[in-house]
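Visitor: Pasted the sequence and its predicted model underneath.
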Amino acid sequence: MQKRLRVRDGQERRSQVKGHVASGAGLVVDPGHTLVSSSSSFEVAPDWPSQGHVEFQQVVLTYRPGLPNALDGVTFTIYPGEKVGIVGRTGSGKSTIFLALFRMVELRGGRILLDNVNSRSVGLESLRSRLAIIPQDPFLFSGTIRENLDPLGRHTDSDLYQVLEQCHLQAVITQMGGLDCELGERGKSLSVGQRQLVCLARALLTQAKVLCIDEATASVDQKTDQLLQQTIRQRFADKTVLTIAHRLNTILDSDRVLVMHAGKVAELDSPAVLSKREDSLFQRLLTSGQQ
Ligand SMILES: Nc1ncnc2c1ncn2[C@@H]1O[C@H](COP(=O)(O)OP(=O)(O)OP(=O)(O)O)[C@@H](O)[C@H]1O
Ligand SMILES: [Mg+2]
């Protein structure tokens, strides 16, 4: 059933979303689903979620009828400002956690609370503008860096340069001709790592309290990766950061690690505790050096 959602400018529009969906900090590629919200929207406070408290309660998500549950009764609580690494074998449900959080796919059961507000009761546009995501292979607009960072033209040039500097992109953007330089089709003038840094810059501009990172795999060079990690540590110290890690060393200093297995939470504890437990899946992932 299609419902109407009220968006921030007070107008109403249909909540059907197809293709690419803008989020506060990046463009999330809808994996082929047509999303129809089945809930009515709820006006949240302008600074919601001001804490960054994320709670999954018995979340069940299925991509298609007949397929096994991609999330199968997932329950966890992430506290404000926590840095949590998400690991697990391929297909265990890691990316689906983010899709559920951004309501790219609606839940079949359970609920997700952000600062104790059920995400289902919030308009999609509000929800997605308050969370930030750095996808594995970020999709940028064919346009300028300015349009990509600030599509609504809300920020000054000095704000934009400031976040570019914080994300170690100032030199490359200046070299390319400044804020109005064209990024080419889907941002192809930049490497995958640099596109992730653009998403990070966007997340800084929107001041999202919850940042979700789906770490890029082999395609990011080590230097860019280090810059990304360093910026996250410095600039997101008081924000909640969830990182899907493909390289375990990036999350060894996390507050906690969530290990997914077959759509369920298998383990959730500090890396120190999990790596000491001989029978932990985390320990096995560490020893095998792969997921
Ligand atoms: N768009 C989709 N349509 C159908 N099934 C899907 C879709 N996306 C994921 N799945 C299935 O859902 C399950 C969880 O997938 P998910 O992408 O969350 O795993 P993951 O842990 O992120 O894996 P990876 O490490 O390979 O990225 C898998 O069985 C996967 O095949
Ligand atoms: Mg994934």
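Guide: Done, it's in. Numbers count the residues shown, from 1 in each chain. Ligands and ions are numbered 1, 2, ... in the order given.

Visitor: For Asp115, which non-adjacent residue is spatially closest?
Guide: Distances taken as C-beta to C-beta, 6 or more residues apart in numbering put Pro49 closest to Asp115, at 3.8 Å, once the chain neighbours are dropped. Any C-beta I mention is one placed from the backbone N, CA and C, and that applies to glycine too.

Visitor: how about that neighbour, what does it touch?
Guide: Going by C-beta atoms under 8 Å, 6 or more residues apart in numbering, Pro49 touches 114-115, 117, 130, 209-210.

Visitor: what would those look like in a markdown table with distance to Phe42?
Guide: As requested, the contacts of Pro49 are exported to a markdown table (distance: C-beta to C-beta, whole Å):
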| residue | distance to Phe42 |
| --- | --- |
| Leu114 | 12 |
| Asp115 | 13 |
| Val117 | 8 |
| Arg130 | 13 |
| Lys209 | 18 |
| Val210 | 18 |
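
Visitor: Among the residues you listed, pick out the one closest to ligand 1, please.
Guide: Nearest to ligand 1 among the contacts of Pro49, counting by C-beta to the nearest ligand atom, is Val210 at 18.3 Å.

Visitor: I'd like the distance between the residue nearest to Asp115 and ligand 1.
Guide: Remark: distance between Pro49 and ligand 1 (C-beta to the nearest ligand atom, to the nearest Å) = 23 Å.

Visitor: where do the helices sit along the stretch 51-200 of the chain?
Guide: 94-101, 124-130, 145-149, 157-166, 170-176, 192-206 (DSSP state H, counting those that start in this stretch).

Visitor: buried residues in stretch 278-290?
Guide: 280-283, 285-286 (16 or more other C-beta atoms under 10 Å).

Visitor: ok, back up a step: Throw together a ChimeraX command that grabs the buried residues out of the contacts of Pro49.
Guide: Restricted to buried positions by 16+ other C-beta under 10 Å, the ChimeraX selection for the contacts of Pro49 reads:
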select :114,115,117,130,209,210
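
Visitor: Show me which residues of this protein sit near ligand 1.
Guide: 31, 63-64, 67, 70, 88, 90-96 (C-beta under 6 Å from any ligand atom).

Visitor: and these as TSV, adding pLDDT and neighbour count?
Guide: Formatted as TSV, these follow (pLDDT from 0 to 100; neighbours: other C-beta atoms under 10 Å):
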residue	pLDDT	neighbour count
Pro31	38	11
Tyr63	97	15
Arg64	94	7
Leu67	95	8
Ala70	98	23
Gly88	94	26
Thr90	92	8
Gly91	95	13
Ser92	96	21
Gly93	97	24
Lys94	96	22
Ser95	94	19
Thr96	96	23
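
Visitor: Farthest-apart pair in those residues, please.
Guide: The largest separation in the residues of the chain next to ligand 1, counting by C-beta to C-beta, is between Arg64 and Gly88 at 21.3 Å.

Visitor: still on that earlier bit, among the helices of the stretch 51-200 of the chain, which comes closest to Arg186?
Guide: helix 192-206 (8.8 Å).

Visitor: Contacts for the closest one, please.
Guide: Here helix 192-206 has contacts from 24-26, 129, 132-135, 137-138, 140, 145, 148-150, 155, 159-160, 163-164, 166-169, 172, 187, 190, 211, 216, 219-221, 224-225, 227-228, 231-232, 235-236, using C-beta under 8 Å, 6+ apart.

Visitor: what's the distance between the closest residue to ligand 1 within the stretch 101-250 of the chain and Met176?
Guide: Per C-beta to the nearest ligand atom, Ile244 is where the stretch 101-250 of the chain lies closest to ligand 1, at 6.6 Å. Distance, Ile244 to Met176, using C-beta to C-beta, to the nearest Å: 30 Å.

Visitor: Name the nearest residue to Ser270, ignoring sequence neighbours.
Guide: Nearest one to Ser270, counting by C-beta to C-beta, 6+ apart, is Arg256 at 5.5 Å.

Visitor: Was I right to think that neighbour contacts Val84?
Guide: Yes: under the criterion of C-beta atoms under 8 Å, Arg256 makes contact with Val84 at 5.1 Å.

Visitor: follow-up on the earlier one: deepest in the core, which of the helices of the stretch 51-200 of the chain is it.
Guide: helix 192-206 (a mean of 24; mean count of other C-beta atoms under 10 Å).
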